[in-house]
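Novice: Could you look at this predicted model? Sequence included:
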Amino acid sequence: MRDAASTSGEKTVVLGAGQAGFSFCARLRELGYLGDITLVGDEQHPPYQRPPLSKAYLLGEFSLDRLLLRPSEFYLDQRIELKTDTRATAIDPDSKTVTLDDGTRLGYDKLVLATGSTPRKLPSGLSGGLNGIYYMRSIADADAIAPEFKSGRCGLVVGGGYIGLEAAAVAARSGVKTVLIEAAERILQRVACSQTSDYFRDLHRLHGVEIRESIGLEALHGTNGTVSSATLSDGTSLDIDFVIAGIGILPNADLAQAAGLDCENGITVDATCTTSAPDILAIGDCACFPRNGTQLRLESVGNAIDQGQLAAATVMGSDEPYQAKPWFWSDQYDTKLQIAGLSTGFDTIIVRHGKEAACSHWYFAADELLAVDAMNDPRAYMVAKRLIEAGKSPPADAVSDLSLDLKDLLRA
């Protein structure tokens, strides 16, 4: 690690004021960095939490102040120059400068790209430029959607991933007649086993959401410029008041690509979060990093925090490689889903029922524990997370033995 004094006079610029960018800046100061830090964000708000947007914030249970990661005074105290409502338009790695949308040019010794991701949009041929079509990514998105969530209205959710399901849950709780369509054979098909899909399908139907799988969107139609009906791939028509599309996200890599950095499924980085330009790092949703011989991009708060902190150590001279410890969560109605690990490549699912409504699905590939989906079962989640991070795999029959205390798996 470098001596903190050696950083005096340096300039570090961070593009992207989300969880990753904030985590990097905070950690860099904790490590004793004495140089200038400039944090550039294209939204008008200081860095804030995104997960509550599609849940508690939409329901009015979470204020804007509670969303903020730190109050404004934090950035003054930590000597972090925060530029909000500002967008970077170009990066020049040769001159080590960033051009902003007001024409300002910022010089840097280190540049960190924490540019995040953007919701995948419905094809223009489907939406036709109509009003009443929404995506969920920012405070502005949530504020725009909120007035639609009124009892008696009819909403269509396109996409049965976690974003779509969370939006459907909030809509249903608000009294909206909600239909969710998923083009794949089942909801959560890309990210979870069929048992988890079954669990959440049943949960949503219990709360009045109509879920239609293997059904796509053919067209949206409007009245006076606002969406009023939808034609589905099976030929049926729905009268609706609004649409929420949750069909995935795309990494924001355009700036990096235009600057000549290596990009594939995001901005390519090495194990220290360094890009193909040695003085530029990338972290969070936009970064594609090495893991188990392949390149991986993770879209999660945990990854954003961990990569931000590791990148700060890299700037301070560390060559410690990033070891991803994937974890995720989703709140739907009174159910908290907690996920540890990555389930890719599983061949066996062990279903374990806990007390009351607790349930967990354990993913194995042969004898290796890969991941767990824990529904209202924090004990199963924590035990599985510790096992996965330690590289330990309990016997599958032990996991399925309900007479066994889960903590005993940690002692084996």
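Specialist: On my side now, so go ahead. Numbers count the residues shown, from 1 in each chain.
Novice: check which helix or strand covers D202.
Specialist: Assigned by DSSP states H and E, D202 belongs to helix 194-206.
Novice: Give me the helices and strands touching that helix, please.
Specialist: helix 162-173, strand 210-213, strand 327-332, strand 359-365 (3 or more Cβ pairs under 8 Å, 6 or more residues apart in numbering; DSSP states H and E). C-betas here are computed from N, CA, C, even on glycine.
Novice: any idea which of the ones you listed is most buried?
Specialist: The highest mean neighbour count among the helices and strands packed on helix 194-206, using mean count of other Cβ atoms under 10 Å, belongs to helix 162-173: a mean of 25.
Novice: Which neighbours in the sheet does the next helix or strand after that helix have, and how are they oriented?
Specialist: On the C-terminal side of helix 162-173, the closest following helix or strand by DSSP H and E is strand 177-182. Its sheet considered, strand 177-182 pairs with strand 154-158 (parallel), strand 210-213 (parallel) by DSSP bridges.
Novice: Indicate which one of these is closest to G317.
Specialist: The minimum distance between G317 and the strands paired with strand 177-182 falls on strand 154-158, with 47.1 Å, by Cβ to Cβ.
Novice: Might you calculate how far that closest one sits from the centre of the chain?
Specialist: In this view, strand 154-158 has its centroid 22 Å away from the chain centroid, taken as Cα atoms, centre = their mean, to the nearest Å.
Novice: Adding distance to F74 and mean pLDDT, write the helices and strands packed on helix 194-206 out as a markdown table.
Specialist: Below are these laid out as a markdown table (distance: least, Cβ to Cβ, whole Å; pLDDT from 0 to 100):
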| stretch | distance to F74 | mean pLDDT |
| --- | --- | --- |
| helix 162-173 | 29 | 94 |
| strand 210-213 | 42 | 98 |
| strand 327-332 | 25 | 93 |
| strand 359-365 | 38 | 96 |
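Novice: how about JSON lines for the ones you listed, with distance to R70 added?
Specialist: Shown next, in JSON lines, are the helices and strands packed on helix 194-206 (distance: least, Cβ to Cβ, whole Å):
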{"stretch": "helix 162-173", "distance to R70": "25"}
{"stretch": "strand 210-213", "distance to R70": "39"}
{"stretch": "strand 327-332", "distance to R70": "22"}
{"stretch": "strand 359-365", "distance to R70": "34"}
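Novice: Mind checking the ones you listed for the one nearest to L76?
Specialist: L76 sits nearest to strand 327-332 of all those, at 32.1 Å, using Cβ to Cβ.
Novice: Which strands border the helix or strand just after that closest one, and is each parallel or antiparallel?
Specialist: Counting by DSSP H and E, the element after strand 327-332 in chain order, helix or strand, is strand 335-341. With DSSP bridges as the test, strand 335-341 is paired with strand 327-332 (antiparallel), strand 368-375 (antiparallel).
Novice: quick one, which of those strands is nearest to G248?
Specialist: Of the strands paired with strand 335-341, the one closest to G248 (Cβ to Cβ) turns out to be strand 327-332, at 15.1 Å.
Novice: any idea of the angle that closest one forms with helix 194-206?
Specialist: With axes from the mean of the first three to the mean of the last three Cα atoms, to 10 degrees as the basis, strand 327-332 and helix 194-206 are set at 20 degrees to each other.
Novice: ok so, going back, between the helices and strands packed on helix 194-206, which gets nearest to A20?
Specialist: So among these, strand 327-332 is nearest, using Cβ to Cβ, at 15.4 Å.
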